[in-house]
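Engineer: only geometry, no sequence info:
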């Protein structure tokens, strides 16, 4: 399985995904699940993937091939770089998902498997503000708002409480990245199907280029410190709250 988080802020975007995949306790692998496409000064796109690895890799390959198309009929339909708005770009991702489903869905079903894949898609085109979308296996999607500035896919339940309590769209990028990593720390402690390393990307609104990416592994000093200090802070807060009178 996997865990992915996308957060939309006034200052930009924070996107993160783990790298663990497993098809049983004796078949654990490591695969990248955070993908980017960019034309510096023009557009930036980030995609997080969860679900059947063959499906998600096919979608990513379709999108990558689409960006190589020369100007023309299919380029306008399948090329992220041809999109004029992030809504149009999200439609292109949804179309890629449906194309893969039309090719592989029937064969998966005949083998007793479901077409299981989900995506978080974000980016910025020109002067349009950054936008964030949750794209489902049917190719349809919803968009993040000020009321709900984040999306999660995969094994999300353990990392959701801190996001529900802390996430705000007016957070600074550094604070938001810290919060997202704490969400991953909680998930890693409670779910063995999610594992390090974590791919983390922060994007500054209006920059139209990808500058800040980081892979966080077992020996990352900041993540180790963050996990330790968070555990201490939780224990201290717990002890400082008056106990139930029984």
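Structural biologist: Thanks, I have it. All values reported here derive from a predicted model rather than from experimental measurement.

Engineer: Could you use CA atoms for every contact and neighbour count after this?
Structural biologist: OK.

Engineer: now the host helix or strand of residue 124: how far from the chain's centre is it?
Structural biologist: Under the criterion DSSP states H and E, the helix or strand holding residue 124 is strand 117-125. In this view, strand 117-125 has its centroid 7 Å away from the chain centroid, taken as C-alpha atoms, centre = their mean, to the nearest Å.

Engineer: Next: stretch 65-84.
Structural biologist: For stretch 65-84, the distance to the chain centre is 23 Å (C-alpha atoms, centre = their mean).

Engineer: For that stretch, buried residues please.
Structural biologist: Across stretch 65-84, burial judged by 16 or more other C-alpha atoms under 10 Å covers 66-67, 69, 75-83.

Engineer: Over to stretch 33-44?
Structural biologist: 33-38, 43-44.

Engineer: Can you show me the strands along the protein?
Structural biologist: 3-8, 12-18, 20-22, 28-30, 34-39, 43-51, 117-125, 131-135, 141-143, 150-154, 198-204, 212-216 (DSSP state E).

Engineer: need the contact list for the most centrally placed residue in the chain.
Structural biologist: Nearest to the mean C-alpha position of the chain, by C-alpha atoms, centre = their mean, lies residue 48 at 3.6 Å. Taking C-alpha atoms under 8 Å, 6 or more residues apart in numbering, we find residue 48 in contact with 4-5, 15-17, 33-35, 119-121.

Engineer: for residue 10, same thing?
Structural biologist: 169-171, 205.

Engineer: Taking strand 117-125 as reference, get the angle to the longest helix along the chain.
Structural biologist: Across the chain, the longest stretch assigned as helix under DSSP state H is helix 86-110. Computed by axes from the mean of the first three to the mean of the last three C-alpha atoms, to 10 degrees, the angle separating helix 86-110 from strand 117-125 equals 160 degrees.

Engineer: Buried residues in helix 86-110, which are they?
Structural biologist: For helix 86-110, a neighbour-count test (16+ other C-alpha under 10 Å) marks 86-87, 89-101, 105 as buried.

Engineer: centre of the chain versus that helix, how much separation?
Structural biologist: Its chain's C-alpha centre and that of helix 86-110 lie 18 Å apart, by C-alpha atoms, centre = their mean.

Engineer: neighbouring contacts of that helix?
Structural biologist: Outside of helix 86-110, the residues within contact range by C-alpha under 8 Å, 6+ apart are 55, 58-59, 62-63, 77-80, 83, 114-115, 121-125, 130-131, 133, 135-141.

Engineer: that older thread, find the pair from the buried residues of stretch 65-84 with maximum spatial separation.
Structural biologist: 69 and 83 (13.0 Å; C-alpha to C-alpha).

Engineer: Give me the distance between the two termini of stretch 70-83.
Structural biologist: 14 Å (C-alpha to C-alpha, to the nearest Å).

Engineer: One more: stretch 141-157?
Structural biologist: Distance between the two ends of stretch 141-157: 20 Å, counting by C-alpha to C-alpha.
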